[in-house]
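> Whatever this is, show me its structure:
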Amino acid sequence: MSASGKLAAFRLPPLPTVGELIKLYRLRAEKQLSQNFLLDLRLTDKIVRQAGCLRGAHVCEVGPGPGGLTRSILNAGAADLLVVEKDSRFIPGLKLLSEAAPGRLRVVHGDILTYRMDRGFSASISKPWDEDPPNLHIIGNLPFSVSTPLIIKWLENIANQTGPFAYGRTRLTLTFQKEVAERLTASTGSRQRSRLSIMAQYLCTVHNCFTIPGRAFVPKPEVDVGVVHFTPLVQPQIQQPFKLVERVVRNIFQFRRKHCHKGVEKLFPAECRMELTQQMMQKADVDPTLRPTELTIPHMRALVDVYADLCAQQPSLLSYEFREELRIKHLTGKGDTPMREFLDRSTSTPPSPLQPC
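Okay, the predicted model is just below:
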């Protein structure tokens, strides 16, 4: 059979268009769920192409809605497509697609934030982490309301090699608000450089593929949409637990317009703040007057490594939260409430950088 004949064999039988299905089932995008339909199959085909060759692949599609992207994935030759849809209104139309592609499309009515994707596919498709990625892809036109919490969840899964990444270095091709897409891929010194930039790029190769104008969606969102592709790295660029990395990065970027030492200070209780901040900056060999947006991944790695060492010496630092301290001070009306009780110290000696403060 010729190449064109093989491609034709993957084509779905005649079906109602996505627009016709929307009318048939009286579907309407729900604003509170930040739903926006992409009906142009040329654009859904273009998104799918960013994932790479899907012929014979296993795919999980997130939030398929009326099934436009679903059709493009099936037409690209996916052998096993699992779709996870939270909104029950879309299930009948997706089941119609499933009947048109027997044995190739599985429909799950559930929430992707809680769905156990590590149980969604056979363990036989797994690849060792240090080898090529498995023939498994995650693709989705994500609702804006879940896109950021979902990618943070998956980044933590990548760090721990759990969830979809129990199968290996599963690749992702996802849509985000244009601004979020730019943050995910922003380079050092960029105006869009953010916490999200560091968290994504220390774990993955991240590529901003292209932008879809808002007018292509129904209803038209107020922003354009970016398509982003992620490939997990064999070795993370920061070799520390995800939560520890996130803690340091979050604190530094909470003062993104100030010098980076301002955010580092908030990792420590008031009575030893200056000493430990100075020690952390010096040991990491990072210029304290750099802005957060000017910090490279190696800068962050050095800071996180030193912070991990300090926490190993003083485990109480891990439970310290600057915002919680502010809340307590506000509730008690004591602007200088000491934190000695919080740190549960057993000594009354003055704090030093090498002793519990």
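
> tell me the strands in the protein, going along the chain?
Under the criterion DSSP state E, the chain carries strands at the ranges 37-38, 58-62, 80-85, 105-109, 136-140, 171-177, 204-212, 217-218, 225-232.

> Mind listing the strands the last one pairs with, and their directions?
Partners of strand 225-232 in the sheet, by DSSP bridges, are strand 171-177 (antiparallel), strand 204-212 (antiparallel).

> which residues are in contact with the shortest one?
The one in question is strand 171-177. Contact with strand 171-177 is made by 47-48, 50-52, 62, 133, 136-142, 144, 147-148, 151, 154, 181, 184, 209, 212, 221, 223-232, as judged by C-beta atoms under 8 Å, 6 or more residues apart in numbering. Placement of C-beta: from N, CA and C, glycine included.

> Of those residues, keep whichever come out buried.
Among those, those buried by neighbour count (16 or more other C-beta atoms under 10 Å) are 47-48, 50-52, 62, 133, 136-142, 144, 147-148, 151, 154, 181, 184, 209, 212, 221, 224-230, 232.

> Run through the residues that contact the spatially most central residue of the chain.
Nearest to the mean C-alpha position of the chain, counting by C-alpha atoms, centre = their mean, stands residue 151 at 1.7 Å. Counting by C-beta under 8 Å, 6+ apart, residue 151 makes contact with 174, 176, 184, 196, 200.

> same question, residue 158
165, 203, 204, 232.

> Relative to residue 133, how far out is the closest residue to the last one other than its chain neighbours?
When the adjacent residues along the chain are set aside, residue 232 lies closest to residue 169, with 4.1 Å between them (C-beta to C-beta, 6 or more residues apart in numbering). Computed with C-beta to C-beta, to the nearest Å, the distance linking residue 169 and residue 133 is 4 Å.

> so what sits against both of those two?
Common neighbours of residue 169 and residue 133, using C-beta under 8 Å, 6+ apart, are 127, 231, 232.

> Chain neighbours aside, what residue packs nearest to the second one?
Computed as C-beta to C-beta, 6+ apart, the closest residue to residue 231 that is not its neighbour in sequence is residue 205, at 4.7 Å.

> Thought residue 291 was touching residue 257, still the case?
Yes - counting by C-beta atoms under 8 Å, residue 257 touches residue 291, with 7.1 Å between them.

> show me what contacts residue 297?
198, 201, 202, 237, 238.

> List buried residues within those residues.
Buried by 16+ other C-beta under 10 Å: 198, 201, 202, 237, 238, out of the contacts of residue 297.

> ok, so of the residues you listed, who is nearest residue 251?
For the buried ones among the contacts of residue 297, the minimum distance to residue 251 (C-beta to C-beta) is 12.0 Å, reached by residue 198.

> Can you get me a residue count around the closest residue to the closest one other than its chain neighbours?
Spatial nearest neighbour of residue 198, chain neighbours left out: residue 249 (4.9 Å); criterion: C-beta to C-beta, 6+ apart. Residue 249 has 24 neighbours, counted by other C-beta atoms under 10 Å.

> do the one 10 residues further on as well
Neighbours of residue 259 under the rule other C-beta under 10 Å: 15.

> if I look at it, how far off is residue 91?
Residue 259 is 52 Å from residue 91, where distance means C-beta to C-beta.

> contacting residues for residue 293?
Residue 293 neighbours (C-beta under 8 Å, 6+ apart): 188, 189, 190, 191, 193, 194, 256.

> When you filter those down to buried only, what's left?
Among those, those buried by neighbour count (16+ other C-beta under 10 Å) are 193, 194.

> Could you point out which residue ranges in the stretch 201-350 of the chain have low pLDDT?
219, 326-350 (pLDDT under 70).

> which residues in it form helices?
242-253, 260-265, 273-284, 297-313, 322-332, 340-343 (DSSP state H, counting those that start in this stretch).

> of the ones you listed, which approaches residue 100 most closely?
helix 242-253 (40.8 Å).

> For that closest one, list every residue counted as buried.
For helix 242-253, burial by neighbour count (16+ other C-beta under 10 Å) applies to 242, 244, 245, 246, 247, 248, 249, 251, 252, 253.

> Distance to residue 100 added to the residues you listed, as TSV?
Output for the buried residues of helix 242-253, formatted as TSV (distance: C-beta to C-beta, whole Å):
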residue	distance to residue 100
242	41
244	48
245	45
246	43
247	48
248	50
249	46
251	51
252	51
253	47
